[in-house]
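Asks: Only the shape, not the letters, is given here:
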Ligand SMILES: NC(=O)C1=CN([C@@H]2O[C@H](COP(=O)(O)OP(=O)(O)OC[C@H]3O[C@@H](n4cnc5c(N)ncnc54)[C@H](O)[C@@H]3O)[C@@H](O)[C@H]2O)C=CC1
Ligand SMILES: N[C@@H](CC=O)C(=O)O
Ligand code: NA
């Protein structure tokens, strides 16, 4: 039996899938007995279809894909949560299996999508939505289910990891590094999703939902991006023996799920500190397996299409063999999200302040008042226009107290010259 595919979206990832199919379709048949055929392709860009040689099966209307009774599997590679939601939900309602790379959709409407798949008795597969080409969803849904997962933590956004690496290793400006990442096809259509941390928030919401059997949506993830990270912060971190990474973190605690995305200082000896460029790495801790780490390219046409096509072939194998979906929604529990105010960690805080007597003393009083103990204070950079940069590192402190310190220092008379830069420190 030939399993018929309909593809919606012919951009970076969709184009990568067409290329894999063209180059390896015969291998899939020969090695695995899996026979797949692309019968319909839809996007807003006919020129992309022409470039990939699929203009004869091209349409600009996704309904042509959903209404085609021959199509068994719909591959959604548009992105976003509007039209993509109609495509994914419409395909499931039309009785088709769905493969998607869409983290925003799964992290926002995951409950709806999983329910529709369950009602239709169809598969929904989304391996490419987290970590690009790295197998992580499938291992967590299959190989690791004998564990109670306690932590999932990692670098899950290739664009920002690429940018931070280029800024620290080659001195590129933030804007130049972003432009390069976009040119390489790593960035989302709207790169604010990458640099403001929302892409990583969607990914950790998906991973936390699977890890802790409790639905986490991206709106529930405390999210900070890398916009405020300067080369001065990166240099200061390096001088202290640290690097700065945009980390996505999810821990199971006695209070519930601690889930957040923010720039984090990691010791240079940490396993995640060596993950550079577009590479992602996800560290998973289970009660039986102990520590595991998954590493690979998190973005780009090849890696993402590799994960999409892996899902497609697995679904096609099930269709050919008449096997029902093995694992559907696993969110059986309703754990609370731990408030960010309750977080306890160490903090790096850089203040740009007026260079005059009394400033340090006034600031020290505020730290003491809120019981935030300071580990070190260093003055950095050149004195410019009567301002200096003061870099504080605290001992372990409570997030709420640190926020109170920042708010009170902002109110001190004629001290701050810019927004402070705050980076949490992980040891
Ligand atoms: N670029 C990457 O490295 C990765 C992307 N992803 C995800 O894959 C998905 C696709 O991303 P890219 O290929 O990078 O996006 P892209 O922007 O390169 O391509 C989007 C495609 O969707 C089509 N499209 C947009 N609106 C449409 C509509 N209303 N009807 C029909 N077609 C429409 C466009 O014409 C284009 O062909 C997104 O969900 C993204 O988050 C996942 C992993 C890696
Ligand atoms: N924009 C994302 C790509 C896919 O998820 C990233 O940079 O990691
Ligand atoms: Na993946």
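Replies: Arrived safely. This is a predicted model, so every value here is computed, not measured. Ligands and ions are numbered 1, 2, ... in the order given.

Asks: so where's this protein shaky on pLDDT?
Replies: Across the chain, the ranges flagged by pLDDT under 70 are 326-327.

Asks: closest point of it to ligand 1, which residue?
Replies: Minimum separation of the chain from ligand 1 (C-beta to the nearest ligand atom) falls at residue 11, amounting to 1.9 Å. Every C-beta, even on glycine, is put in place using the N, C-alpha and C of the backbone.

Asks: and that residue, what does it touch?
Replies: By C-beta atoms under 8 Å, 6 or more residues apart in numbering, the contact set of residue 11 is 43, 45, 48, 77, 189.

Asks: Of those, which count as buried by neighbour count?
Replies: Neighbour counting over the contacts of residue 11 (16 or more other C-beta atoms under 10 Å) leaves 43, 48, 77 as the buried ones.

Asks: pretty sure the first one is touching residue 60, no?
Replies: The one in question is residue 43. Yes. Under the criterion of C-beta atoms under 8 Å, residue 43 makes contact with residue 60 at 7.2 Å.

Asks: secondary structure class for the residue in the chain sticking out farthest from the centre?
Replies: Most distant from the centre of the chain: residue 357, at 44.5 Å, with distances by C-alpha atoms, centre = their mean. The three-state assignment at residue 357 reads coil, by DSSP: H, G, I helix; E, B strand; the rest coil.

Asks: List, out of the buried ones among the contacts of residue 11, those positioned next to ligand 1.
Replies: Restricting those to those near ligand 1 by C-beta under 6 Å from any ligand atom leaves 43, 48, 77.

Asks: State the number of residues packed around the closest residue to the last one other than its chain neighbours.
Replies: By the measure of C-beta to C-beta, 6 or more residues apart in numbering, the closest residue to residue 77 outside its immediate chain neighbours is residue 9, 3.2 Å from it. By other C-beta atoms under 10 Å, 27 other residues sit near residue 9.

Asks: so who does residue 9 touch?
Replies: Contacts of residue 9 by C-beta under 8 Å, 6+ apart are 42-43, 75-79.

Asks: What residue, apart from its backbone neighbours, is nearest the residue of the chain found nearest ligand 3 spatially?
Replies: Residue of the chain nearest ligand 3, by C-beta to the ion: residue 131 (4.0 Å). Excluding the flanking residues, the one nearest residue 131 by C-beta to C-beta, 6+ apart is residue 280, at 4.9 Å.

Asks: Stretch 173-187 near ligand 1 at all?
Replies: Yes. Judged by C-beta under 6 Å from any ligand atom, stretch 173-187 comes into contact with ligand 1 at 185-186.
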